[in-house]
Structures are given as structure tokens and as C-alpha cells.
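# build me a model from this:
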Amino acid sequence: MKKIITILFVVFICTTTSSFAQRFGVKGGFNITNLNVEGHDYSAKLGIHIGPVAEFHFGDIFGLETGVLLSTKGAKEKFGDDTYKINLTYLDFPVNFRAGYDFGTTRVYGILGPYFGFALGGKYKNEINDVKTSTKIEFGDGGLSRFDAGLTIGACAAVSIFELGFSYNHGFVDISGDSGHKMKNRVFMLSMAYKFGENPFRK
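Residues are numbered from 1 along each chain as shown. Just a heads-up that it's a prediction; the model follows:
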């Protein structure tokens, strides 16, 4: 799995450092994450995402943004005063197609595209009768699946070199592994991006 992640990361770097990418940057922000699990009613928990992004343009309206984002996901469940948490850390590879339009000095984008994710690790964290415990999540045989994929939909507004965006990631892959209960990621993302390089829409 580490070899697969390394290969994908190298492919991303080689692609985004070519002459085809107009702009580069860094994106980060907060996640509101949950898990859709059969037989369980989980609550949302907070997470973060951060990583490099690259932007491509095709004409005056359409473009594409891709990147490598370190993203924390999971969910929590409460029974009285007891709390049960599932904490997951992913390396996500979004491929977001964008359509933009100018409103004065602000350019507004609609976003739609797939994402692919690989779980780097995770922990079950419980607080029962004021006693805290932490257990490493196993992946592969007998554990959760590392691979995730889904669809991103959202919007963002760009002013100069800054972008503020909101998006929703709907996971389609059952990551439950051998647990017998289907489990899929659900993530709302609030992002801030800083991009450098020439903006083709501000010539």
C-alpha cells in the first residue's frame, strides 16, 4: 500500500509541475465528517484537510483542480455519558472539474468530480465511565478496507490569490471490510486556498 501511495504522489508531482498547470497552491480547512453505517446512528465529528493543489484551465470558463490532501475523517457515537469515536486518516486525490464566472472582482466556481482515497491509519477512541482507551484500527484481512472513492460537489469564490470553498464528499465505496455492516464516508469541507502563478482570468 505504501508503494501505491508513493507512486500516485510521484505521478501527481510530475503532472502538476509540467507546463500544463497554470497555477499551484496550498489548500487547507476543516472537515465535518460522518460515517453511513448500517444499524448505527453515528454523529458528525470535526476533522481537517491540508495539502498541495494544482489548477488547469480549458478556455475562459472550464478548468480542473487536482491535488493531494491529508484528510481526517470518521464519526462518533454517544450512549449517555459514554463516547465512542472512529478516527481515520486518509490521503485523498481529488479531481475536481470547475466552471467559473466573474462577478466583478470575484470569480465563482461550481465544482464536480471524483475523489480517490487511501487510508493511512486510524484509531478507535472510547471514553467509558470516565476511562479513556485507544485502539489501533486494523486494515486489510480482518479489518477495514484502505481504498475509498466517491463524488465531490461544491462551490468556491476566488478573489485575487485566495479562494474560499465549500464542498461535500459522498463516498461510494464500502470500507467496512469483514465487519458485515456497510460503512461509507460522508464529509463536508470548508476550505481556504492560496494560489500563486499567473491567473489567466485576470489578464
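# for the rest of this, base every contact and every neighbour count on C-alpha atoms.
Fine.
# for the chain, what spans make up the strands?
Secondary structure of the chain (DSSP state E): strands located at 23-37, 45-58, 62-67, 69-79, 82-103, 106-128, 131-136, 147-159, 162-171, 183-196.
# and the ones you listed, which one's lowest on average pLDDT?
Averaged per stretch, pLDDT over the strands of the chain is lowest on strand 131-136, reaching a mean of 89.
# quick one, it and strand 106-128 angle?
Computed by axes from the mean of the first three to the mean of the last three CA atoms, to 10 degrees, the angle separating strand 131-136 from strand 106-128 equals 120 degrees.
# give the burial count for K182, as a bare number.
When neighbours are counted by other CA atoms under 10 Å, K182 registers 16.
# isn't it right up against S176?
Yes. With contact defined as CA atoms under 8 Å, K182 reaches S176; the gap is 5.6 Å.
# can you add mean neighbour count and give the strands of the chain back as TSV?
Shown next, in TSV, are the strands of the chain (neighbours: other CA atoms under 10 Å):
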stretch	mean neighbour count
strand 23-37	20
strand 45-58	20
strand 62-67	19
strand 69-79	21
strand 82-103	19
strand 106-128	19
strand 131-136	11
strand 147-159	19
strand 162-171	19
strand 183-196	20
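# and the gap between K195 and F166?
17 Å (CA to CA, to the nearest Å).
# check F147 too.
Taking CA to CA, one finds F147 at 24 Å from F166.
# tell me the bridge partners for E55.
R23, E65 (DSSP bridges).
# from E138, how far off is it?
In terms of CA to CA, E55 sits 35 Å off from E138.
# how about V37?
Distance from V37 to E138, by CA to CA: 18 Å.
# one more: S43?
Taken as CA to CA, the span from S43 to E138 is 22 Å.
# next: K73.
16 Å.
# likewise N31?
Distance, N31 to E138, by CA to CA: 23 Å.
# with adjacent residues omitted, what lies nearest to the most far-flung residue of the chain relative to its centre?
Distance to the chain centre peaks in the chain at N129, reaching 33.5 Å (criterion: CA atoms, centre = their mean). Distances taken as CA to CA, 6 or more residues apart in numbering place D82 nearest to N129, at 6.5 Å, with adjacent residues excluded.
# could you do P52 as well?
That would be V26: by CA to CA, 6+ apart, it lies 4.5 Å from P52.
# what's near enough to touch that neighbour?
The contact partners of V26, taken as CA atoms under 8 Å, 6 or more residues apart in numbering, are 50-53, 193-195.
# rerun that using 10 Å as the cut-off
50-54, 67-69, 192-196 (CA atoms under 10 Å, 6 or more residues apart in numbering).
# which pair of those residues spans the longest distance?
Taking CA to CA as the measure, the contacts of V26 span a maximum distance of 17.9 Å, between L69 and F196.
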